[in-house]
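Engineer: Could you look at this predicted model? Sequence included:
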Number of protein chains: 2
Amino acid sequence: MPTTIKDVAARAGVSPATVSRVLNDRPGISPQTRERVLQAAQELNYTPSVAARSLATARTYNIGYVGYKYGAGPPTDLRSSNATPGILEGIDEELTRRGYHLLTTYVDKEMVRGLDVPNMVRQGRVDGLILNGPAIRPRFILHLRNMGLPVVLVDNLLNETAIDCVLCDNEGGAYQATKHLLEHNHERIVFLSGPADWLSSRERAVGYRRALQEAGLEPRVVFMPSTTVDTGRDGILTALEEYPDLTAVMAVNDATAVGAIQACQQAGRAVPDEIAVVGFDDEPWAQLHIPSLTTVRICWYEIGIQAARRVVDLIERDNQVPIQMRLAVELVIRQSCGCPVTTD
Amino acid sequence: MPTTIKDVAARAGVSPATVSRVLNDRPGISPQTRERVLQAAQELNYTPSVAARSLATARTYNIGYVGYKYGAGPPTDLRSSNATPGILEGIDEELTRRGYHLLTTYVDKEMVRGLDVPNMVRQGRVDGLILNGPAIRPRFILHLRNMGLPVVLVDNLLNETAIDCVLCDNEGGAYQATKHLLEHNHERIVFLSGPADWLSSRERAVGYRRALQEAGLEPRVVFMPSTTVDTGRDGILTALEEYPDLTAVMAVNDATAVGAIQACQQAGRAVPDEIAVVGFDDEPWAQLHIPSLTTVRICWYEIGIQAARRVVDLIERDNQVPIQMRLAVELVIRQSCGCPVTTD
DNA sequence: AACTATTATGCAACCGTTTGCACAACTGTT
DNA sequence: AACAGTTGTGCAAACGGTTGCATAATAGTT
């Protein structure tokens, strides 16, 4: 029904093989022939069959994106990890540029634990994978990688087996933000962390520690099992019990920061006047919060672009040595750290 | 390299044709043979080649999702339309259940205007399409539909040519919310609308008007060219000039509501005490806002599920008459409407 | 002018399924 | 016992590209 390579061949007066070679930029075609073929293809508005091409070449030109969802059903809480706004747009942008397509799916805790290979991978619908989020565990990652596909991690990394990844500078961001609190002359700063087995939590904790140590102060870290508003609330209450004299909080992300702020206020400690708080991620709503959140901005869109680039490179070029990419972050100063109010 | 249907056939002692029939539940296979084939397939851990199957059947088992992005590059503002949280998870959930896969891409204003057919459609990588958002214009929709694919719209509809769609009850939601303001004894309520050519704006305006008319009051609508925090700010200022005596605002979405609140406060009018505000969408951050937003909740996850269901039905069953689905919304009462503070 | 090297193209096999058609093996009828 | 009807299975031709190999045509060498 649609036009095939034979139609084009017939119209150009050549064989299908020649058409194929022209269309794939293979060498050894005379300029005149090439021209005639292109002309014919254009006139017939020819688009090669994806299925046939895939069958012959064992390539799909699809990239799989695996996101993380918290259990089946609608997303409930306001969290960090399902908030990587713009990453899909970034990936799509770059993939389109390179002639690839984006297949999207989500896995939950259970699937990760059960090494439940997504259908699109098992069926060979993709040439490569982008795995997003620290909740995607090492065993799962390795299991997917063993299916023979190039894999790029986002917001996560695997030390043992070198796998390509793109992340933001978690440590640097936390360092900068903590440093900012120190410049406000805070000396008793708590780090409200997420799960210790999440990379971003650990790295941000490291940045925080480094800043404190440089200032000759004692780090105080509270690990929490999640990074929601609720755990932020609980976390700060724990912290306030253990360190009643604290004057500032570095939160592992914005949701946690908001929880902390709420709990502080309920406990009668004004933010930022009595307790300063900074977050991480610069969620779109961070500037709307009252007080507006001082936080660390992550360029998810750019991360998406780089992840897509990388996975395509892994597919198309060989002998690639694994690369770990770190994208710079930016401290966005607003009110919650105690800086004077400005209009932004 | 991977196992093929021939391997399975050999092991089961039958022809490839028979294996194919068993695996596709075709009739006319003896129970014993069926059993042996299934056994063999299982033992060899056989997965049919997607490409070969697509080539033979002209089906891909892929569904395309087309989202809207505001121009190339990273998303800038906090808006309504790129915030349909959970819709992709919902679509993925249902598609996985039905044996389909999700291809994702985004279009911007220019592409929509230029009738720029996404590659995945032009190349025939999908069997059906889900188009999300009111910014995807009728001409573009029809153009895509003319490519011969089943199309389901989300948060949008086309009256002239009946096309399947799934939306939330915009009118009912706005009606309910406005009604709630009326119960607070407000009599001078303004509707802060988005673009008049966005379906959701229009429908919400209708709900608002109906509520006012039932109360015997004069509707006051201000249309704005977009639905960001900024346009919310500008919009309320315009409204305040025109109707200085207004006591309540029904905003077309949460971002607009926030803009309105900010501008009111800057103008020295307390929210909700002097001016009550309600939003629409119940964005994840709406409850964090101060004052927390009274707003209308949309179940994007469920909308995603229904849209996916529908597009698969259109593909697999014939003689489907177009269906317009309306999902109920829920008024979420918080503080910005002037209701007493509660902990939620 | 004969011969080799190079260039441009075609032939045909192959990628791994599905499916129309033919046919063999049974079952049941007269 | 011959025959029609049913049931289960195999053969082989698609589906629409890519690519190794052969070969015709041309250019280059002595």
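Structural biologist: In hand now; what should we look at? Numbering: from 1, shown residues only, chains lettered A, B, ... in the order given.
Engineer: any chance you could map the strands in chain A?
Structural biologist: Counting by DSSP state E, the segments of chain A that form strands are A:62-68, A:101-107, A:128-132, A:151-154, A:164-168, A:189-193, A:220-223, A:248-251, A:276-278, A:295-297, A:324-327, A:330-332.
Engineer: just the helices in the stretch 201-344 of chain A please.
Structural biologist: A:229-242, A:254-266, A:300-316 (DSSP state H, counting those that start in this stretch).
Engineer: For the last one, name the packing helices and strands.
Structural biologist: This points to helix A:300-316. Helix A:300-316 is packed against strand A:62-68, helix A:87-97, strand A:128-132, strand A:151-154, strand A:164-168, strand A:324-327, with contacts defined by 3 or more Cβ pairs under 8 Å, 6 or more residues apart in numbering or on different chains; DSSP states H and E. In short, each C-beta sits where N, CA and C put it, glycine included.
Engineer: returning to that earlier point: and the strands of chain A: which comes nearest residue A:8?
Structural biologist: Smallest distance to residue A:8 across the strands of chain A (Cβ to Cβ): 23.2 Å, for strand A:101-107.
Engineer: Same question for the closest one: list its buried residues.
Structural biologist: A:101, A:102, A:103, A:104, A:105, A:106, A:107 (16 or more other Cβ atoms under 10 Å in any protein chain shown).
Engineer: Please name the residues that touch the fifth one.
Structural biologist: Pointing back at residue A:105 there. Applying Cβ atoms under 8 Å, 6 or more residues apart in numbering or on different chains, we find residue A:105 in contact with A:64, A:65, A:66, A:67, A:118, A:119, A:120, B:92, B:96, B:101, B:102.
Engineer: do you know how far the closest residue to residue A:110 other than its chain neighbours is from residue A:133?
Structural biologist: In this structure, residue A:110 finds its nearest non-sequential neighbour in residue A:116, 7.5 Å apart by Cβ to Cβ, 6 or more residues apart in numbering or on different chains. Computed as Cβ to Cβ, to the nearest Å, the residue A:116 to residue A:133 distance reads 16 Å.
Engineer: Flag every residue of chain A that's near DNA strand D.
Structural biologist: A:1-2, A:4-6, A:16-17, A:19-21, A:23-24, A:26, A:46, A:48-49, A:51-53, A:55-57 (Cβ under 7 Å from any atom of the strand).
Engineer: ok, and of the residues you listed, which contact DNA strand C?
Structural biologist: A:16, A:17, A:21, A:52, A:55, A:56.
Engineer: Out of the contacts of residue A:105, which is nearest to DNA strand D?
Structural biologist: residue B:101 (20.3 Å; Cβ to the nearest atom of the strand).
Engineer: if I pick residue A:220, what's in contact with it?
Structural biologist: Neighbour list for residue A:220: A:188, A:189, A:190, A:191, A:239, A:242, A:243, A:246 [criterion: Cβ under 8 Å, 6+ apart].
Engineer: Burial check on the residue in the stretch 201-344 of chain A that DNA strand D sits nearest to, number of neighbours?
Structural biologist: Proximity to DNA strand D, evaluated over the stretch 201-344 of chain A using Cβ to the nearest atom of the strand, is greatest for residue A:316 at 13.3 Å. Here the count is done by other Cβ atoms under 10 Å in any protein chain shown, and residue A:316 has 14 residues near it.
Engineer: Which residues of the stretch 151-300 of chain A lie near chain B?
Structural biologist: Residues of the stretch 151-300 of chain A lying close to chain B (Cβ under 8 Å from any Cβ of the partner chain) are A:229, A:258, A:283, A:284, A:285, A:288, A:289, A:290, A:299, A:300.
Engineer: Can you give me the distance of the nearest residue to the third one once chain neighbours are set aside to residue A:285?
Structural biologist: With Cβ to Cβ, 6+ apart as the measure, residue A:254 is the residue that lies nearest to residue A:283, at 4.6 Å, once sequence neighbours are left out. When Cβ to Cβ is applied, the distance between residue A:254 and residue A:285 equals 8 Å.
Engineer: So what touches stretch A:308-324?
Structural biologist: Contacts to stretch A:308-324, defined as Cβ under 8 Å, 6+ apart, come from residues A:63, A:90-91, A:93-95, A:98, A:100, A:127-130, A:150-152, A:157, A:162-167, A:325.
Engineer: Show me which positions of that stretch end up buried.
Structural biologist: Buried residues in stretch A:308-324 (16+ other Cβ under 10 Å): A:308, A:309, A:310, A:311, A:312, A:313, A:314, A:315.
Engineer: could you redo those as TSV and give each row distance to residue B:137 and pLDDT?
Structural biologist: Below are those laid out as TSV (distance: Cβ to Cβ, whole Å; pLDDT from 0 to 100):
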residue	distance to residue B:137	pLDDT
A:308	28	98
A:309	31	98
A:310	35	98
A:311	33	98
A:312	31	98
A:313	36	97
A:314	38	97
A:315	35	96
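Engineer: still on that earlier bit, which of the contacts of residue A:105 tops the neighbour count?
Structural biologist: residue A:65 (28 neighbours).
Engineer: wait, what's in contact with that one?
Structural biologist: Taking Cβ under 8 Å, 6+ apart, we find residue A:65 in contact with A:88, A:91, A:102, A:103, A:104, A:105, A:129, A:130, A:132, B:104.
Engineer: can you pull up the bridge partners for the third one?
Structural biologist: Same thing as residue A:102. residue A:63, residue B:104 (DSSP bridges).
Engineer: For chain A, give me the ranges with low pLDDT.
Structural biologist: A:1, A:71-83, A:341-344 (pLDDT under 70).
Engineer: coming back round to it: wait, doesn't the residue nearest to residue A:110 sit right on residue A:106?
Structural biologist: No: at 11.7 Å, residue A:116 does not count as touching residue A:106 under the criterion of Cβ atoms under 8 Å.
Engineer: Relative to residue B:245, how far out is the nearest residue to residue A:15 once chain neighbours are set aside?
Structural biologist: Nearest residue to residue A:15 in three dimensions, chain neighbours excluded: residue A:9, at 5.7 Å (Cβ to Cβ, 6+ apart). Distance, residue A:9 to residue B:245, by Cβ to Cβ: 76 Å.
Engineer: Neighbour count: those two, which is higher?
Structural biologist: Set side by side, residue A:9 and residue B:245 show more neighbours around residue A:9, with 19 against 7, by other Cβ under 10 Å.
Engineer: How about the contacts made by residue A:171?
Structural biologist: Residue A:171 makes contact with A:203, A:204, A:206, A:207, A:210, according to Cβ under 8 Å, 6+ apart.
Engineer: picking up where we left off before, residue A:276: which of the buried residues of strand A:101-107 is nearest?
Structural biologist: Looking across the buried residues of strand A:101-107 and measuring by Cβ to Cβ, the closest to residue A:276 is residue A:106, at 36.2 Å.
Engineer: and that closest one, what does it touch?
Structural biologist: Neighbouring residues of residue A:106 by Cβ under 8 Å, 6+ apart: A:66, A:67, A:68, A:69, B:88, B:89, B:92, B:93.
Engineer: if I pick residue A:23, what's in contact with it?
Structural biologist: With contact set as Cβ under 8 Å, 6+ apart, residue A:23 has these partners: A:37, A:41, A:48.
Engineer: and the stretch 1-150 of chain A, which of its residues are near DNA strand C?
Structural biologist: Counting by Cβ under 7 Å from any atom of the strand, the stretch 1-150 of chain A sits next to DNA strand C at A:13-18, A:21, A:28-30, A:32-34, A:52, A:55-56.
Engineer: can we see that at 6 Å?
Structural biologist: Within the stretch 1-150 of chain A, the positions near DNA strand C by Cβ under 6 Å from any atom of the strand are A:14, A:15, A:17, A:18, A:28, A:29, A:30, A:33, A:55, A:56.
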